[in-house]
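J.: Okay, predicted coordinates and the sequence, questions at the end:
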Amino acid sequence: NAGVMQNPRHLVRRRGQEARLRCSPMKGHSHVYWYRQLPEEGLKFMVYLQKENIIDESGMPKERFSAEFPKEGPSILRIQQVVRGDSAAYFCASSPSWDSPYEQYFGPGTRLTVT
Amino acid sequence: DAKTTQPPSMDCAEGRAANLPCNHSTISGNEYVYWYRQIHSQGPQYIIHGLKNNETNEMASLIITEDRKSSTLILPHATLRDTAVYYCIDGPMDSSYKLIFGSGTRLLVRP
């Protein structure tokens, strides 16, 4: 059973470009979470999605950031017009739809560098 | 903001038990205690969780006090690979199951 997969693992973008981060949850998991870890800081929740629905986006910056989890395919975190402050590690996690929702399984992360 | 408090750092000798404390001063009766760790540059890893009773799995043991205001994660025989930042979290029990990470405890296992 493959774990949570994220790609790319490393992404370099120039200021003003768009960044697309992908997350494939574990098989059978229908809940996806995105977290961000700025350099030398802790992990911060961004958004929680179920298939085709955004459940909680209270941690998402109001502008330039969006997320989706379509019926088919991976979850996508999209950052438009990136700025240097967006440089961070972005982690995706998934959990099954029953039992223990706080038991989340994390992917290896995407490290975004904005030059 | 995180609801739990942990010491910023600890160390222990390889092969010895590592006991990591956590205070849950505002925990509610139906909130679970979860422990995660993050090894350098990797994604966080779920370790264990519990509600009232002590729990044990292949990775660790979790001791929760009777008043549930504190917990201790025990790594019975720490190895160098256990060097990581350890986070204790108690669930907010709302409709969003987001994990709220604090600063954690940086555990250094010495050879």
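T.: Structure's in. What do you need?

J.: Enumerate every residue touching the residue nearest the centre of chain A.
T.: Among the residues of chain A, the one closest to the centroid is residue A:34, at 3.5 Å (Cα atoms, centre = their mean). With contacts taken as Cβ atoms under 8 Å, 6 or more residues apart in numbering or on different chains, residue A:34 has the following neighbours: A:23, A:45, A:46, A:47, A:67, A:75, A:77, A:90, A:91, A:92, A:93. Bear in mind the C-beta positions are built from the backbone N, C-alpha and C, glycine included.

J.: wait, which of these is closest to chain B?
T.: The shortest gap between chain B and any of the contacts of residue A:34 belongs to residue A:45, at 4.1 Å (Cβ to the nearest Cβ).

J.: and the gap between that closest one and residue B:71?
T.: With distances defined as Cβ to Cβ, to the nearest Å, the gap from residue A:45 to residue B:71 amounts to 22 Å.

J.: Among those two, which residue is more densely surrounded?
T.: residue B:71 (25 against 21; other Cβ atoms under 10 Å in any protein chain shown).

J.: and the host helix or strand of the more buried one, C-alpha only, in PDB?
T.: Secondary structure assignment for residue B:71, by DSSP states H and E: strand B:70-75. Extracted as PDB, the C-alpha positions of strand B:70-75 are listed here (Å, rounded to 0.1, in the frame of the first residue of the first chain):
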ATOM      1  CA  SER B  70      -0.700  15.700  30.900                       C
ATOM      2  CA  SER B  71       0.700  12.800  28.900                       C
ATOM      3  CA  THR B  72       4.100  11.200  28.400                       C
ATOM      4  CA  LEU B  73       5.400   9.600  25.300                       C
ATOM      5  CA  ILE B  74       7.800   6.800  26.000                       C
ATOM      6  CA  LEU B  75      10.300   5.500  23.500                       C
END
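
J.: Give me the residues contacting it.
T.: Contact with strand B:70-75 is made by B:17-24, B:33, B:35, B:47-48, B:50, B:59-65, B:82, B:86, B:88, as judged by Cβ under 8 Å, 6+ apart.

J.: Parallel or antiparallel, which strands does that strand pair with?
T.: Neighbouring strands of strand B:70-75 in its sheet, by DSSP bridges, are strand B:18-23 (antiparallel), strand B:61-64 (antiparallel).

J.: chain center to it: distance?
T.: A distance of 6 Å separates the centroid of the chain from that of strand B:70-75, by Cα atoms, centre = their mean, to the nearest Å.

J.: Quick check: residues of chain B near chain A?
T.: Counting by Cβ under 8 Å from any Cβ of the partner chain, chain B comes close to chain A at B:32, B:34, B:38, B:41-46, B:49, B:89, B:91, B:95-104.

J.: What's the ChimeraX line that selects buried ones from these?
T.: To isolate in ChimeraX the members of those that are buried, counting by 16 or more other Cβ atoms under 10 Å in any protein chain shown, one can use:
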select /B:32,34,38,43,44,46,49,89,91,97,98,99,100,101,102,104
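
J.: Take the residues of chain B next to chain A and keep only those in strands.
T.: When DSSP state E is applied, these are split such that B:34, B:38, B:45, B:46, B:49, B:89 fall in strands.
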